[in-house]
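[1] based on what follows, work out the 3D shape:
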Amino acid sequence: MRFRGQEYTGRGVTVAVLDSGVDASDPRLAGAEVSGWRIQLSATGHAAIGGDFTDENGHGTDIAAAVRVTAPDARIVAVKILDARLRTNADLMVAGIETAFRNGAQVINLSLGTPNMGRAALLRDVCAMAVEAGSVVVAAAHPGGERAYPADLPETVGVATHPDCPLEKFYYFAPHRFPRSEWGNLTGKFLTHGYEVAGGERGRFRGSGLATAYLAGRMACLREALPDASAAELMEVARQLALTPVPEIGYA
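    Modelled structure (predicted):
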């Protein structure tokens, strides 16, 4: 990522991928530093952390590879909170976010979310703690424009996508220009690329989950460029770098 006349690759920055685990032997992760944990809830509701972050689905590995497209030198920490059928819950998301920031992750990627408003306050609390610790939480918006947490929280970087978005650009729906009454759940969100990228070619459209990973990589590059900035300052820089979308992009 080019910023202030220099190229940044996320070197020295840790990105936590909260997902189905990561296959560190995947060729797309060749040369990457990959570590991680698995988090499960015990019968008493307490988080149990183990060392096996094997990806039983492939989704988390895809997301980690997408992070490296825009931040090829970032460290990857897999926080496995999804099972083989990609099922999880808000309590596991909370435990994953807290585990990530308490263990030094500067960027936390959630290419997932929950529509459960009853857990939004709990998610907001842990995201606020992450921001206070200096971590940026990047989360996927609902693909159908419905509510999704933590993407709809002000403490996070919410990410939507559209088939016309190029990889090298990203947009921001500033609330003062795109009021919720007209633009609904896109207000306050970033809009960016959602295609698989292999060999420089864009492949199958994968939507906001993949777009979130690409933007998480860009946030890692910004963290490398601005190591002393707060999480809130990094999010504001990203907003300033973003382009202003126009109705012709497809959201009318």
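
[2] how about the strands in the stretch 1-150 of the chain?
    Under the criterion DSSP state E, counting those that start in this stretch, the stretch 1-150 of the chain contains strands at 2-3, 6-7, 14-19, 34-41, 47-50, 75-80, 107-110, 136-140.

[3] what does the third one rub up against?
    Outside strand 14-19, the residues that touch it by Cβ atoms under 8 Å, 6 or more residues apart in numbering are 36, 55, 59-60, 63-64, 67, 71, 74-82, 93, 96-97, 100-101, 104-112, 213, 216-217, 220. Yep, even glycine has a C-beta here, placed from its N, CA and C like the rest.

[4] just the buried members of the residues you listed?
    Taking 16 or more other Cβ atoms under 10 Å as the criterion, what is buried in the contacts of strand 14-19 is 36, 55, 59-60, 63-64, 67, 71, 74-82, 93, 96-97, 100-101, 105-112, 213, 216-217, 220.

[5] where does the stretch 151-252 of the chain dip in pLDDT?
    248-252 (pLDDT under 70).

[6] any chance you could map the strands in it?
    Counting by DSSP E, counting those that start in this stretch, the strands of the stretch 151-252 of the chain are 157-161, 171-172, 190-192, 195-198, 201-205.

[7] dump these to TSV, plus mean neighbour count and distance to residue 22.
    Formatted as TSV, the strands of the stretch 151-252 of the chain follow (neighbours: other Cβ atoms under 10 Å; distance: least, Cβ to Cβ, whole Å):
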stretch	mean neighbour count	distance to residue 22
strand 157-161	28	20
strand 171-172	20	29
strand 190-192	28	22
strand 195-198	17	17
strand 201-205	11	20
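
[8] would you mind giving the ones you listed as JSON lines with distance to residue 27 added?
    Formatted as JSON lines, those follow (distance: least, Cβ to Cβ, whole Å):
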{"stretch": "strand 157-161", "distance to residue 27": "25"}
{"stretch": "strand 171-172", "distance to residue 27": "31"}
{"stretch": "strand 190-192", "distance to residue 27": "25"}
{"stretch": "strand 195-198", "distance to residue 27": "11"}
{"stretch": "strand 201-205", "distance to residue 27": "16"}
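
[9] between the ones you listed, which one is nearest to residue 235?
    With Cβ to Cβ as the criterion, residue 235 lies closest to strand 157-161 of the strands of the stretch 151-252 of the chain, at 5.9 Å.

[10] just how off-centre is that closest one within its chain?
    Taking the mean of its C-alpha atoms, strand 157-161 sits 8 Å from the chain's own mean (Cα atoms, centre = their mean, to the nearest Å).

[11] run through who's touching that strand.
    So strand 157-161 is contacted by 136-141, 143, 151-152, 185-186, 188-194, 207-208, 210-212, 215, 219, 235, 238 (Cβ under 8 Å, 6+ apart).

[12] stretch 220-239 too?
    1, 3-4, 6, 8-13, 15, 67, 70-71, 74, 106-107, 130-136, 157, 172, 174, 190, 215, 218-219.

[13] output it as PDB, nothing but the C-alphas.
    The C-alpha trace of stretch 220-239 is given here as PDB (Å, rounded to 0.1, in the frame of the first residue of the first chain):
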ATOM      1  CA  ALA A 220      -2.000  -3.200   8.800                       C
ATOM      2  CA  CYS A 221      -0.100  -1.100   6.300                       C
ATOM      3  CA  LEU A 222      -1.300   2.100   7.900                       C
ATOM      4  CA  ARG A 223      -0.300   0.700  11.300                       C
ATOM      5  CA  GLU A 224       3.200   0.100   9.900                       C
ATOM      6  CA  ALA A 225       3.300   3.600   8.500                       C
ATOM      7  CA  LEU A 226       2.000   5.200  11.700                       C
ATOM      8  CA  PRO A 227       3.200   3.100  14.600                       C
ATOM      9  CA  ASP A 228       2.400   5.600  17.300                       C
ATOM     10  CA  ALA A 229      -1.100   6.500  16.100                       C
ATOM     11  CA  SER A 230      -4.100   5.500  18.200                       C
ATOM     12  CA  ALA A 231      -6.600   3.100  16.700                       C
ATOM     13  CA  ALA A 232      -9.100   6.000  16.400                       C
ATOM     14  CA  GLU A 233      -6.500   8.000  14.500                       C
ATOM     15  CA  LEU A 234      -5.800   5.100  12.100                       C
ATOM     16  CA  MET A 235      -9.500   4.800  11.400                       C
ATOM     17  CA  GLU A 236      -9.700   8.500  10.700                       C
ATOM     18  CA  VAL A 237      -6.700   8.300   8.300                       C
ATOM     19  CA  ALA A 238      -8.400   5.500   6.400                       C
ATOM     20  CA  ARG A 239     -11.500   7.700   6.100                       C
END
